[in-house]
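Student: Got a predicted structure plus its sequence, pasted below:
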Amino acid sequence: MKYEKLAKEIIQGVGGEENVASLVHCATRLRFTLKDRSKADKAKLEKTEGIITVKESGGQFQVVIGNQVPEVYSAIGRVSNILNDAKSGEKAQGGKKGLGSVIDVISGIFAPLLGVMAGAGILKGLLLIASNFGWLQTTDTTYTILYAAADSLFYFLPALLAVTTARKFGGNVFSALTIAGALLYPSIIQLKTDGTDTHFFGIPVIMMSYSSTVIPIILSVIVMSKLEKFCNRVIHESVKNFVTPLISLAVMVPLTLIVFGPFGVYVGNAIAKGLLAAFAFSPLIAGAVLGASWQLLVIFGVHWGLVPVFINNIAVYGKDGIKPAATASVFAQTGAALGVMLRTKNKKLKTLAGSATLSALFGITEPAVYGVTLPLKRPFIAGIIGGAVGGAIIGQAGTQAFASGAPGLLTLPIFYGPGGQGFPGLIIGITTAFLLSAVLAYVLGFKDPIEEEAGASVAEKPAKDQERGGASDKPGDLVYSPISGTVVPLSEVPDPAFAAEAMGKGIAIEPAEGRVVAPFDGTVTVAFKKKHALSVVSDKGAEILIHVGVDTVKLGGQYFTSYIKEGDRVSKGQLLLEFDVDKIRATGYHTVTPVIVTNTFDYAAVLPLQQGEVREGEELLRIVGSEDQA
């Protein structure tokens, strides 16, 4: 019953059942594609018990639940028709373009498979260990049966991807499965094995091996879905139920074997070879970069672009040397969460950090990252450093993954190959990442949230901040509003970097007019070429970033007029920038404007002074410095 209650609250929070274009889930998140983002109440959802946080990335509205996400997903199916309604690809895309659309497609296709893929990967890894140590012989029938259970998902991966791709693009699942079956049909496989000179009505066919492949079936089913929609529009109602599948199969199977199959295999192999070449050039540097950046890629959702590469490498080469370095990042953030647990005196944070550490050890890092390390900032940076060092060790050791699975303690067997080569390097790397991040998070420290007494006023907060350890010797400062409009908490800005305060503390304003003025007397330190943002440092040293809108850099300066350049002296209230609010909104971009103190760590506190409507020139933020605590 508790899951059904939470499911109803989530449906209401995303704008109702009719606002959902599609829904899938991965290991920890419900991934919604919404028809109208403005109908969703992100702030309310984040306060709902049972929800860790809400993120918007890759064109998806992501509700982070944790380990109970399958139960909540099932409950949504029981209390609504969201899971029953087939949504077309165009509707599911919601009009997104470019990278956001690509990431949305990849995550929607692969996310439903991650659970069973991890389970099969663990079993495959355990069998590798058992055979290497002589506990089971590969000729034993017991080994054969268990290996079939572990490897069947990967061998028949085109069939599974046919199902998820068809659902994503609103195609006929059974037609998609039939196309995948044709690629794996014994006589087709035999043509490749025998090297038979193959033609289709005189057209030469380059035969490939399609077991475990990714790209060919995805391309085929996407095109099939489009073809089906066209056929259903032009074919009479009385015969389209069997004529449309007839046309789909007769067209798509040869087209896939002639065009999509070879193209997909060649492209997948080329991408894989490129990344492998980077590791071959300098495994230490490549491992460090991936170990440092993996959690950043996860935050912004772009890690999905590498998932097909990992799978393709294992399918083509039987192993993957890229994924192991990402494992260091997971254990690094786990260690950072442990460091927070050991240092904090806040009972609530200690409990949260402890449970987050435990779940992160098994590969579920969302509670640790979004609930602990990222909001505190320094522990997250400690995790990046630890991940870089651990990734460098793993890369240099030449560790390989021999099956798929989310990095964690249970999936370590997938990295144990013949003779255990590279496996000791993995253990050393993840241990180093874990311990180094824990020590750094503890030593670097963070502003420990004090459990404030009921009724504590804003005036009392500087004193409480002093109890946390203080800041540098920078004096305090006052930031005046650079924009007229409505005050919005940073947590409600539809950009993870701003909402999680990764760039610094501050506030946001929904502009009432397109003017940005100087928030104090100071100097322009950065004037972006695309004119969408600027940075000003006050005479007292406070560094302020003013970022007009979300993703407005993509406008290339259109609708913006800048009146400053880097190095200019400015006075409080001086006009710095103008922009056309209505035209920016008409192009589909959010205009909410974060005003961020980018050197937040130099101060004891950053306190918002306004709620509701604010006019330019009114006091907006008070920055508490050392002299304010004296």
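Tutor: Here it is on my side, so go on. Numbering: from 1, shown residues only.
Student: from here on, contacts and neighbour counts on C-alpha atoms
Tutor: Fine.
Student: Can you check the pLDDT for residue 490?
Tutor: If you check residue 490, the pLDDT there is 88.
Student: residue contacts, it?
Tutor: Contacts for residue 490 (C-alpha atoms under 8 Å, 6 or more residues apart in numbering) come out as 498-501, 506-508, 594.
Student: Need those in JSON lines (columns: neighbour count and distance to residue 177).
Tutor: Output for the contacts of residue 490, formatted as JSON lines (neighbours: other C-alpha atoms under 10 Å; distance: C-alpha to C-alpha, whole Å):
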{"residue": "498", "neighbour count": "23", "distance to residue 177": "42"}
{"residue": "499", "neighbour count": "23", "distance to residue 177": "41"}
{"residue": "500", "neighbour count": "21", "distance to residue 177": "42"}
{"residue": "501", "neighbour count": "21", "distance to residue 177": "45"}
{"residue": "506", "neighbour count": "24", "distance to residue 177": "51"}
{"residue": "507", "neighbour count": "27", "distance to residue 177": "50"}
{"residue": "508", "neighbour count": "26", "distance to residue 177": "49"}
{"residue": "594", "neighbour count": "27", "distance to residue 177": "47"}
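Student: Sitting in strands, which of these do you find?
Tutor: 506-508, 594 (DSSP state E).
Student: Which one of those residues is nearest to residue 246?
Tutor: The closest of the ones in strands among the contacts of residue 490 to residue 246 turns out to be residue 594 (C-alpha to C-alpha; 54.6 Å).
Student: which residues does that closest one contact?
Tutor: 490, 493, 498, 506-509, 545-549.
Student: can you do 10 Å?
Tutor: Neighbour list for residue 594: 487-490, 493, 498-499, 505-510, 533, 544-550 [criterion: C-alpha atoms under 10 Å, 6 or more residues apart in numbering].
Student: Check the gap between residue 183 and residue 175 for me.
Tutor: 13 Å (C-alpha to C-alpha, to the nearest Å).
Student: And these two? Which one has more around it.
Tutor: residue 183 (26 against 23; other C-alpha atoms under 10 Å).
Student: shouldn't that one be in contact with residue 162?
Tutor: No - here residue 183 does not reach residue 162: they are 11.3 Å apart, not a contact under C-alpha atoms under 10 Å.
Student: okay, and the common contacts of those two?
Tutor: Joint contacts of residue 183 and residue 162 (C-alpha under 10 Å, 6+ apart) are 177, 217.
Student: related to what we said a few turns ago, with distance to residue 306 and pLDDT added, can I get the contacts of residue 490 in a markdown table?
Tutor: As requested, the contacts of residue 490 are exported to a markdown table (distance: C-alpha to C-alpha, whole Å; pLDDT from 0 to 100):
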| residue | distance to residue 306 | pLDDT |
| --- | --- | --- |
| 498 | 25 | 81 |
| 499 | 25 | 82 |
| 500 | 24 | 77 |
| 501 | 26 | 80 |
| 506 | 34 | 92 |
| 507 | 34 | 94 |
| 508 | 33 | 94 |
| 594 | 31 | 94 |
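Student: if we take these, which one ends up nearest to residue 417?
Tutor: Looking across those and measuring by C-alpha to C-alpha, the closest to residue 417 is residue 500, at 39.3 Å.
Student: where does the closest residue to the closest one other than its chain neighbours land in three-state SS?
Tutor: Nearest residue to residue 500, sequence neighbours excluded (C-alpha to C-alpha, 6 or more residues apart in numbering): residue 375, at 5.8 Å. The three-state label given to residue 375 by DSSP: H, G, I helix; E, B strand; the rest coil is helix.
Student: Now do the same for residue 375: its pLDDT.
Tutor: 80.
Student: quick one, what contacts it?
Tutor: Residues near residue 375 by C-alpha under 10 Å, 6+ apart: 369, 446, 499-502, 504.
Student: Need the max-distance pair from those residues.
Tutor: 446 and 499 (18.5 Å).
Student: From residue 37, how far out is the closest residue in space to residue 45 that isn't next to it in sequence?
Tutor: Distance criterion C-alpha to C-alpha, 6+ apart; nearest residue to residue 45, sequence neighbours excluded, is residue 13 at 5.9 Å. Going from residue 13 to residue 37 by C-alpha to C-alpha gives 11 Å.
Student: What's the separation between the residue of the chain most remote from its centre and residue 31?
Tutor: No residue in the chain sits farther from the centre than residue 202, which is 46.1 Å out by C-alpha atoms, centre = their mean. Residue 202 sits 46 Å away from residue 31, going by C-alpha to C-alpha.
Student: Mark which of the contacts of residue 594 are part of helices, please.
Tutor: Under the assignment DSSP state H, those contribute 498-499 to helices.
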